[in-house]
Structures are given as C-alpha cells and as structure tokens.
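1. return atomic coordinates for the entry below.
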Amino acid sequence: MFKRIIYDDWTSIVPLISFWLTFGVFLAIVVRALLLKKTTVHHMENLPLEDGDNANTQLASK
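-> The predicted structure is shown next:
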C-alpha cells in the first residue's frame, strides 16, 4: 500500500525540483554578475573592441 502512495506522488515533486534547481542556477549567475569587480567588468566589456595585436601574436606562436 505504501509503495503505491510513494510512486503515485513522485510526479508532483519532479516539477518542483526542476524549478528550484533552475531558479538556484539563475540566482547564482545573477549574484556572481553583481559581485564582479569593476576592473573585471571593464575588461570584459572591452574584449570585443580590443585591438587584435595580442590575438595575432598568440596565434602565430602556436
């Protein structure tokens, strides 16, 4: 009798677990983004705009 109750009730737990897991990952990403240092943020926002001199020398040395 108890086995049937446990197996019938697991379908309502799975969506809750997946929601809280997704919410936890999203919250961790937001907290990490908010706690980044200003210098790191400035470096990351300028990455696509930096000159390619460093990238070319690194590729040539490989």
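
2. let me know the secondary structure of L36.
-> coil (DSSP: H, G, I helix; E, B strand; the rest coil).

3. and it, what is it in contact with?
-> Taking Cβ atoms under 8 Å, 6 or more residues apart in numbering, we find L36 in contact with no residue. For the C-beta atoms, the positions are set from N, CA and C on the backbone; glycine is no exception.

4. gap between it and V14?
-> From L36 across to V14, the span is 34 Å (Cβ to Cβ, to the nearest Å).

5. packing partners for the strand or helix carrying S12?
-> Using DSSP states H and E, S12 maps to helix 2-34. Applying 3 or more Cβ pairs under 8 Å, 6 or more residues apart in numbering; DSSP states H and E, one finds that helix 2-34 contacts no other helix or strand.

6. what is the least confident helix or strand in this protein?
-> Sorted by mean pLDDT, DSSP states H and E, the helices and strands of the chain end with helix 53-61, the least confident at a mean of 53.

7. list the buried residues for the helix holding S12?
-> By neighbour count on 16 or more other Cβ atoms under 10 Å, the buried set for helix 2-34 is empty.

8. just for the protein, where's the confidence low?
-> 1-9, 50-62 (pLDDT under 70).

9. phi and psi next, for L36.
-> Backbone geometry at L36, expressed as degrees, to the nearest 10, gives phi -70, psi 150.

10. how about L35?
-> The phi/psi pair for L35 (degrees, to the nearest 10) reads phi -90, psi 0.

11. what do you get for K37?
-> Phi and psi for K37, reported as degrees, to the nearest 10, are phi -70, psi 150.
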